[in-house]
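[1] Model the following, please.
(2 chains)
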Protein chains: 2
Amino acid sequence: MSGAVGAGLAMAVGTSGGSAHAASGDERLQVAILLYDGFTALDAVGPYEVLCRVPGVRVTMVAREAGPVRTDTGELSLVAERAMKDVHRADVLLIPGGGNRGTTAMMGEAEAHAWIRRIHRRSLWTTSVCTGSLILGSAGLLRGLPATTYWASRPYLKEVGATYTPGRFVETGKIITAAGVSAGIDMGLHLAARLSGEKVAQAMQLAVEYDPDPPFGTGSPEKADAETEALALKLIDDAAV
Amino acid sequence: MSGAVGAGLAMAVGTSGGSAHAASGDERLQVAILLYDGFTALDAVGPYEVLCRVPGVRVTMVAREAGPVRTDTGELSLVAERAMKDVHRADVLLIPGGGNRGTTAMMGEAEAHAWIRRIHRRSLWTTSVCTGSLILGSAGLLRGLPATTYWASRPYLKEVGATYTPGRFVETGKIITAAGVSAGIDMGLHLAARLSGEKVAQAMQLAVEYDPDPPFGTGSPEKADAETEALALKLIDDAAV
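    Numbering: from 1, shown residues only, chains lettered A, B, ... in the order given. Model (predicted):
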């Protein structure tokens, strides 16, 4: 199955055996972002926004079925263009994280795991944002490897055989796992550099005016106090559907 | 029309005359994000992600018609839950930016401008990200005011009567304009603090693990060189649909 030249993303067949540099026209590098019920929107949209303008790259949202896929808050849906069963190949696979319900469900989805493993066999890069690494891990791809995930989910990496390793993102072989939610933007720019060189990635950072100026110093559990941590977990819980 | 208690977002009527603090249940503060053909996904999703878990806040995507709305690259659609004509009221209005085509079209959309003005009359906050400020300005809301926009669009602020003012976001009265694309995350956190206090906003910064570590120092035109600037503009142009 992994070698089948089917419809859609299999277009990338001409380039994915060779260098990671972008090709043009019909040979565009294919980035597949896997959406699922309860995913976190920014986990998918951050990397999408910095990869979709990289020359020779096409980003496609994929899900169990094509059509709208609801996020973890239930207040937003993104449209998946293609169904997993129609996607036999991608040069870059990206698994966003989700809320507890969505992540836990995907950690038990054997069919999705089989698809992830198939795509991974011939990918150039297999990546995740936030709790997406727990889904990659449940598919068996992180055994014995260093990885990161959402700050509150770090203990669960052990359960999928991975070793929590600090960092905005952690690269090991062709696997890159990013920390929580907004870390997907940092990883996306790193990936842009890997796919198309630093000049393009630098230009993409300017293109999305990524000169962050967070209003607070509470962006990681190392920097936030216990009260902020508890409130963050409560807000996430209260808004989950 | 602006006073009509209609369906949907008009639910906020109980709270919007008073304090900006969030109410609960049926009186949730309503954040309306206006999607349009050719908008930039991260402009909308950044603020959505940091506002959607603020207690007592509901974020709704609105567009000319309910249904999928295509982004500036044509590779992604977000679903608008409600049509403008059904939304008579919002406590927070947010206009994302878009590519040249989408922004220019919206700068000429008299019907959208009338809707924006109607919502603005009773909003607590009227906001934009990126070139969304040019749309706000075209609706007549920025005359004589300080504002910001996408770095490459700064000269156009003059054409809508606003004065370009540096900053990740610029607040003047109840109007807040943010700089390009990713600046919507910074503004969103600021808004979260305005709506629900600093403790909640600090928790939301942790909730989205916003501890940015950009791989390059090219996030603004002040920091990037001319070659990076030219390449960024070319990449945006080449990927536009």
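[2] could you show me where the strands are in chain A, in order?
    Ranges of strands within chain A are A:29-34, A:57-63, A:67-70, A:77-80, A:82-83, A:92-95, A:125-129, A:146-147, A:163-164, A:169-172, A:175-178, based on DSSP state E.
[3] residue ranges with poor pLDDT in chain A?
    Chain A contains residues with pLDDT under 70 at A:1-26.
[4] Tell me where it has helices.
    Secondary structure of chain A, counting by DSSP state H: helices at A:41-51, A:100-107, A:110-122, A:132-138, A:183-196, A:198-207, A:226-239.
[5] a markdown table for the ones you listed, including distance to chain B?
    In short, each C-beta sits where N, CA and C put it, glycine included. Below are the helices of chain A laid out as a markdown table (distance: least, CB to the nearest CB, whole Å):
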| stretch | distance to chain B |
| --- | --- |
| helix A:41-51 | 4 |
| helix A:100-107 | 13 |
| helix A:110-122 | 18 |
| helix A:132-138 | 13 |
| helix A:183-196 | 5 |
| helix A:198-207 | 4 |
| helix A:226-239 | 4 |
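[6] Turn these into CSV, including mean neighbour count and distance to B:L35.
    Compiled in CSV, the helices of chain A are given as follows (neighbours: other CB atoms under 10 Å in any protein chain shown; distance: least, CB to CB, whole Å):
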stretch, mean neighbour count, distance to B:L35
helix A:41-51, 29, 13
helix A:100-107, 19, 23
helix A:110-122, 17, 29
helix A:132-138, 28, 25
helix A:183-196, 26, 21
helix A:198-207, 24, 20
helix A:226-239, 16, 21
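[7] Could you dump those into CSV with distance to B:G184 added?
    Listed next are those as CSV, based on distance: least, CB to CB, whole Å:
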stretch, distance to B:G184
helix A:41-51, 11
helix A:100-107, 24
helix A:110-122, 31
helix A:132-138, 22
helix A:183-196, 12
helix A:198-207, 14
helix A:226-239, 19
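[8] out of the ones you listed, nearest to A:E81?
    helix A:41-51 (11.8 Å; CB to CB).
[9] What helices and strands are in contact with the closest one?
    Applying 3 or more CB pairs under 8 Å, 6 or more residues apart in numbering or on different chains; DSSP states H and E, we find helix A:41-51 packed against strand A:29-34, strand A:57-63, strand A:77-80, strand A:92-95, strand A:125-129, helix A:183-196, helix A:198-207, helix B:41-51.
[10] check whether the fifth one contacts chain B.
    Right, the one you point to is strand A:125-129. No. Figure legend: strand A:125-129 not in contact with chain B (CB under 8 Å from any CB of the partner chain); closest approach 9.8 Å.
[11] For that strand, which outside residues touch it?
    A:20, A:43-44, A:46-47, A:91-97, A:116, A:119-120, A:135-136, A:141, A:149, A:174-178, A:180-181, A:183-184, A:187, A:191, A:194-195 (CB atoms under 8 Å, 6 or more residues apart in numbering or on different chains).
[12] partners of that strand in the sheet?
    Pairing partners of strand A:125-129, with direction, according to DSSP bridges: strand A:92-95 (parallel), strand A:175-178 (parallel).
[13] and the first one, how far out from the chain's middle?
    Between the mean C-alpha location of strand A:92-95 and the chain-wide mean there is a distance of 5 Å, by CA atoms, centre = their mean, to the nearest Å.
[14] buried ones in it?
    A:92-95 (16 or more other CB atoms under 10 Å in any protein chain shown).
[15] And the residue lying closest to A:M84 once chain neighbours are set aside, how far from A:P146?
    Nearest non-adjacent residue to A:M84, counting by CB to CB, 6 or more residues apart in numbering or on different chains: A:W115, 4.8 Å away. To A:P146, A:W115 is 24 Å away according to CB to CB, to the nearest Å.
[16] can you check A:G108 too?
    24 Å.
[17] And those two? Which one has more around it.
    Using other CB atoms under 10 Å in any protein chain shown as the criterion, A:G108 and A:P146 rank with A:P146 on top: 17 against 10.
[18] Surely the more buried one and A:P166 touch.
    No. Judged on CB atoms under 8 Å, A:P146 makes no contact with A:P166 at a distance of 9.7 Å.
[19] Brilliant, that's me finished.
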